[in-house]
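Engineer: pasted the sequence and its predicted model underneath.
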Amino acid sequence: MYELEKEKYLGNTKKSFNTQQGIAVVETEYQNKVYEGWHSHNNAHITLFLKGGTTEKRKNFSETVGPGSLLFYHSDELHLNQNTLFPSRNINIEIEENLLKDLQLSEAVIEKSVQNSAFTKFLILKIFKETLTSDTFSADTITMLFSQISNAQNHLERFEKSPFWVKSLQELLNDCWNENPNLQDLATVLNLNPITISKHFPKYFGCTLGEYMRRIKINRSLSLIQSHESNLTQIALECGFADQSHFIRTFKSQTGFLPKQFQKL
C-alpha cells in the first residue's frame, strides 16, 4: 500500500494542467499492467473514464467501470484497480482542500454531485476542453466551471425530497431517452396536469424538460461515439435527433467538444 503525491497516478500522464488556484486536471493513460495493490491519493479527485475500463475496489464495495463512468475519490481513500482493459484513458479533476474551503464545498458535496452524472460529466469535459485551449482565461474559467458542481448537489437534495410523481417522471424520461416526449404526453402517462410538470420541473431537475432530454441523449451518445461502431448520422438518429447537424450542435453545447474531437480523445 502506498500514497500517491499530488497530480500522480498509476498510469502514464499524457497531459497535466494546474490552475494554481487549487485544481489540477490530469489525463492518464494505461497501456500496460500497473500496480494493482491498495493505494490512495493526497487530494480528493473525480475521474471520468474515456476509454477502456477496470474493476474498482474500495473498502465496502466493488464495481466494474467503463467508458463514460464517473467516480469520486476522497483524499487518502484506499482503493485498488484490477482487470484493467488496455488501453484505458481517464480524465482526473484533482481538488486541493484550500479551494474547497474557499468555495464552501465539502468532499461529501462533490461525492453527491457525481450522482448527477450527466451534468457533472459534461462539466468535466468542458474543464478538460479548457486545458486544451490553455490561455490567459483558462484557470479562472476552470474554477468557475468547477464551482457549478454544488448546483448538481442542491437539485439532488430537492429531488430526494420530491413528490412520488417526480421520481416516476425521471424513470419515464430515462426509459424513453431516444424519443421526444412533450408535456402533454408525459402528463397523460402520469395522470397529471401538464402545468404541474411545467411549474415544478426546474425545481427538481435543475433545468427545463428540453435541456434534461438533451443531457440524457448526449450522455448516451458518449459510449456510442467511442465505440466507433456507428457513424455520426446513425448515432444522431439512434439518440432521437432530427439530423446530424442538430446532434453536433447539441453535443458541442453540452460538452464543449465536437463529436469528432471527442472521438479522438
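Structural biologist: All right, it came through fine.

Engineer: all helices of the stretch 1-150 of the chain, in order?
Structural biologist: Per DSSP state H, counting those that start in this stretch, the stretch 1-150 of the chain carries helices over the ranges 97-102, 107-113, 117-133, 138-147, 149-160.

Engineer: so can I have a markdown table of the ones you listed showing mean neighbour count?
Structural biologist: All C-beta spots, glycine's among them, are computed from the backbone N, C-alpha and C. Converted to a markdown table, the helices of the stretch 1-150 of the chain look like this (neighbours: other C-beta atoms under 10 Å):
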| stretch | mean neighbour count |
| --- | --- |
| helix 97-102 | 14 |
| helix 107-113 | 19 |
| helix 117-133 | 21 |
| helix 138-147 | 18 |
| helix 149-160 | 17 |
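
Engineer: quick one: which of those helices is nearest Met213?
Structural biologist: With distances scored as C-beta to C-beta, the stretch of those nearest to Met213 is helix 117-133 (10.8 Å).

Engineer: same list (the helices of the stretch 1-150 of the chain) but as TSV, adding distance to Lys203 and mean pLDDT.
Structural biologist: Formatted as TSV, these follow (distance: least, C-beta to C-beta, whole Å; pLDDT from 0 to 100):
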stretch	distance to Lys203	mean pLDDT
helix 97-102	27	94
helix 107-113	18	90
helix 117-133	15	95
helix 138-147	21	96
helix 149-160	6	80
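
Engineer: can you list those in JSON lines and add distance to Phe49?
Structural biologist: Shown next, in JSON lines, are the helices of the stretch 1-150 of the chain (distance: least, C-beta to C-beta, whole Å):
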{"stretch": "helix 97-102", "distance to Phe49": "23"}
{"stretch": "helix 107-113", "distance to Phe49": "17"}
{"stretch": "helix 117-133", "distance to Phe49": "10"}
{"stretch": "helix 138-147", "distance to Phe49": "19"}
{"stretch": "helix 149-160", "distance to Phe49": "18"}
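
Engineer: longest strand in this protein, by residue count?
Structural biologist: strand 80-95 (DSSP state E).

Engineer: for it, give the mean pLDDT please.
Structural biologist: Across strand 80-95, pLDDT averages out at 96.

Engineer: with stretch 214-234 instead?
Structural biologist: Mean predicted confidence for stretch 214-234 is 91.

Engineer: how distant is that stretch from the center of its chain?
Structural biologist: In terms of C-alpha atoms, centre = their mean, to the nearest Å, the centre of stretch 214-234 is found 15 Å from the chain centre.

Engineer: likewise stretch 92-99?
Structural biologist: The chain centroid and the centroid of stretch 92-99 are separated by 16 Å under C-alpha atoms, centre = their mean.
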